[in-house]
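K.L.:
predicted model and sequence follow; I will ask about them next.
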Amino acid sequence: MSNLQLIPIPYIRPLTAYFLYKEKDNTNVMVLLKLKDNKWEVVEKKKTEGKENRIDETNNLSPTEYRAKAA
C-alpha cells in the first residue's frame, strides 16, 4: 500500500456539495452535503472498496513529455 495522501476533491453547487476521497486502506468515500439554513449538513456517506493508486514517473510529466515518451 502506498503512503500517498490525497486531498479530498470537492464538487460544489449552489445547494449541494460532494467530497470524494480515498482512505489509507484504499476505500473510496463519497460524502453528500446539503445547504440548510446557511449550514452544510451531511446527508449521505458512501464507502466502496477501491483499488490501490499506482504512481509511476509518467504522473509528473507534462502532456508534451508524456506524448513524446509514449511515441
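P.N.:
Looks like it came in fine.

K.L.:
so Glu41 touches Leu33, yeah?
P.N.:
Yes: taking CB atoms under 8 Å as the definition, Glu41 is a contact partner of Leu33 at 6.4 Å. To be clear about C-beta, it is placed using only N, CA and C from the backbone, and glycine gets the same treatment.

K.L.:
part of a helix, is Ala17?
P.N.:
No: counting by DSSP: H, G, I helix; E, B strand; the rest coil, Ala17 falls outside a helix, being strand.

K.L.:
that one: neighbouring residues, count only.
P.N.:
16 (other CB atoms under 10 Å).

K.L.:
correct me if wrong: it contacts Tyr11.
P.N.:
Yes: shown here, Ala17 and Tyr11 form a contact pair, counting by CB under 8 Å, at 6.6 Å.

K.L.:
export only the CA atoms of the strand or helix carrying Val43, formatted as CSV.
P.N.:
Assigned by DSSP states H and E, Val43 falls within strand 39-48. Taking Å, rounded to 0.1, in the frame of the first residue of the first chain, the C-alpha atoms of strand 39-48 are listed here in CSV:
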residue,chain,number,x,y,z
LYS,A,39,-25.0,25.5,7.2
TRP,A,40,-23.7,22.4,5.4
GLU,A,41,-25.2,19.2,6.7
VAL,A,42,-24.0,15.7,5.8
VAL,A,43,-26.9,13.9,4.1
GLU,A,44,-25.2,10.7,2.9
LYS,A,45,-21.8,9.0,3.2
LYS,A,46,-21.0,6.0,1.0
LYS,A,47,-17.9,3.8,1.1
THR,A,48,-16.9,1.4,-1.6
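
K.L.:
so between Glu41 and Leu33, which is more surrounded?
P.N.:
Neighbour comparison, Glu41 and Leu33: the larger count goes to Leu33, with 19 against 10 (by other CB under 10 Å).

K.L.:
just the element for the more buried one, please.
P.N.:
strand 28-36.

K.L.:
so for that strand, what gets flagged as buried?
P.N.:
The neighbour-count check on strand 28-36 (16 or more other CB atoms under 10 Å) flags 31, 33 as buried.

K.L.:
so what touches it?
P.N.:
Under the criterion CB atoms under 8 Å, 6 or more residues apart in numbering, residues 14-23, 40-50 lie in contact with strand 28-36.
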